[in-house]
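> structure, please.
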Amino acid sequence: MNDGPFVTTAQEDISDGVFLKEVTVYKVRDGMIVKEVATRRYMKDGDYHDTSSTTPLKEVKQDA
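Predicted structure coming up:
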């Protein structure tokens, strides 16, 4: 089995001109489909700033 793109992407930092990294996950939580986004913005001095957001998209019925 290959490692896939997430292993190398997760380990990359500011190499090769990377200035922004985003990971988006869609999942069902508490009867809602939600979109979760984690963002890392790299600064020129090598530091970075992380943010995250959660957006409810649609209510779903779950079978009992």
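> low-confidence regions, this protein specifically.
By pLDDT under 70, the low-scoring segments of the chain are 1-15, 64.
> now do the helices in it.
Secondary structure of the chain (DSSP state H): helices at 5-11.
> residues in contact with Thr51?
Applying C-beta atoms under 8 Å, 6 or more residues apart in numbering, we find Thr51 in contact with 38-39, 41. Glycine gets a C-beta too; all of them are placed from N, C-alpha and C.
> could you report the neighbour count for Tyr42?
Taking other C-beta atoms under 10 Å as the neighbour definition, Tyr42 ends up with a count of 16.
> start at 391, not 1
Yes, from this point I'll number from 391; that puts the last item at Tyr432.
> circling back: going by neighbour count, which of the contacts of Thr441 comes out on top?
Counting by other C-beta under 10 Å, Thr429 has the largest number of neighbours within the contacts of Thr441, with 15 neighbours.
> what sits closest to Thr444 if chain neighbours are left out?
Spatial nearest neighbour of Thr444, excluding adjacent residues (C-beta to C-beta, 6 or more residues apart in numbering): Glu426 at 5.1 Å.
> got the contact list for that neighbour?
By C-beta under 8 Å, 6+ apart, the residues touching Glu426 are 414-417, 442-445.
> let's see it at 7 Å
Counting by C-beta atoms under 7 Å, 6 or more residues apart in numbering, Glu426 makes contact with 415, 442, 444.
> what is the residue nearest in space to the middle of the chain paired to in the beta sheet?
The centre of the chain sits closest to Val413, judged by C-alpha atoms, centre = their mean, with a distance of 2.0 Å. Val413 has these beta-bridge partners by DSSP bridges: Ala428.
> does it touch Ala428 like I think?
Yes. If you go by C-beta atoms under 7 Å, Val413 and Ala428 touch, sitting 4.9 Å apart.
> how near is the spatially closest residue to Met433 that is not a sequence neighbour to Thr414?
Excluding the flanking residues, the one nearest Met433 by C-beta to C-beta, 6+ apart is His439, at 7.1 Å. Going from His439 to Thr414 by C-beta to C-beta, to the nearest Å gives 18 Å.
> all strands of the protein, in order?
Under the criterion DSSP state E, the chain contains strands at 410-419, 422-432, 438-449.
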